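> Structure of the sequence below:
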Amino acid sequence: MELNTLKPAPGAKRARKRVARGIGSGMGKTGGRGHKGQRARSGGFHKVGFEGGQMPLQRRLPKRGFNSLTRDERAEVRLSDLERVNAEKIDVAALKEAGVVPDAALSAKVIVSGKLTRKVALVGIAVSKGARAAIEAAGGSTDAPIPQPKPKREPKPVPPQALGEAKAAKEKKEPKEQSGEAKETKEGKAKREAPKGAPEGKKGGKT
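Sure thing, here's the model as predicted:
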């Protein structure tokens with residue numbers, strides 16, 4: 001085989017379709033566009049998924065969940081992946097070199113999956129709680145900080161002046177209510193003790 005004898009495979013290179021170049025070509029006159037209609041006009045094109053103005057399928061289907069734009073920047077690493085990395089000191093660059101994480105990853109986190117039986121030292125790699133325990137049990141170490149629990153929010157202290165004002169307002173309100181109750185009991189007592197008169201329809205004796 002020589003360079004001057006090289007040829008493309010049969011059928012690999014086809015002649016370009018020349019539309020609207022005479023009726024004998026089979027693609028003359030309308031050029032394969034048919035008669036009239038939106039697709040027959042120049043510029044008669046709508047965006048992909050356009051359905052004539054009705055709600056398109058991609059908007060009718062329900063959406064659920066969330067896809068983070070930065071999901072590829074942080075890679076997950078299993079304990080079994082650390083087992084097959086030859087280096088004793090492991091960082092993100094070592095993981096990329098071993099093919100454990102993609103080249104686009106900016107950081108990594110070790111999760112509990114698989115087993116780790118050898119001593120490794122992690123540098124600049126985050127670890128989960130269980131992965132930290134597994135690494136330290138195998139004699140390894142990590143420089144990832146231990147997460148601290150969030151401090152409980154304490155209630156705001158109430159100034160003593162506000163407490164005094166509230167107490168005074170309560171004491172001022174209570175005597176009024178008590179005097180009103182006493183007034184009502186006196187009126188009720190007076191009504192009960194009043195003499196009952198004779199019924200209106202039975203005045204006088206027998207007729």
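
> what stretches of this structure score poorly on pLDDT?
The chain contains residues with pLDDT under 70 at 174-207.

> Go ahead and confirm T117 touches L82.
No: at 10.1 Å, T117 does not count as touching L82 under the criterion of CB atoms under 8 Å. In this view, the C-beta of every residue, glycine as well, is placed from N, C-alpha and C.

> The spatially most central residue of the chain: helix or strand, and which one exactly?
By CA atoms, centre = their mean, the chain has its centre lying nearest to F66, at 5.6 Å. For F66, there is no enclosing helix or strand under DSSP states H and E.

> picking that back up, T117 and L82: who's more crowded?
Using other CB atoms under 10 Å as the criterion, T117 and L82 rank with L82 on top: 27 against 10.

> For R39, which residues are in contact?
R33, F45 (CB atoms under 8 Å, 6 or more residues apart in numbering).

> quick one: it and R33, what's the gap?
6 Å (CB to CB, to the nearest Å).

> Now the common contact residues for the two.
By CB under 8 Å, 6+ apart, no residue touches both R39 and R33.

> so what's S113 closest to, chain neighbours aside?
R78 (4.0 Å; CB to CB, 6 or more residues apart in numbering).

> What count of nearby residues applies to the one you found?
Neighbours of R78 using other CB under 10 Å come to 17.
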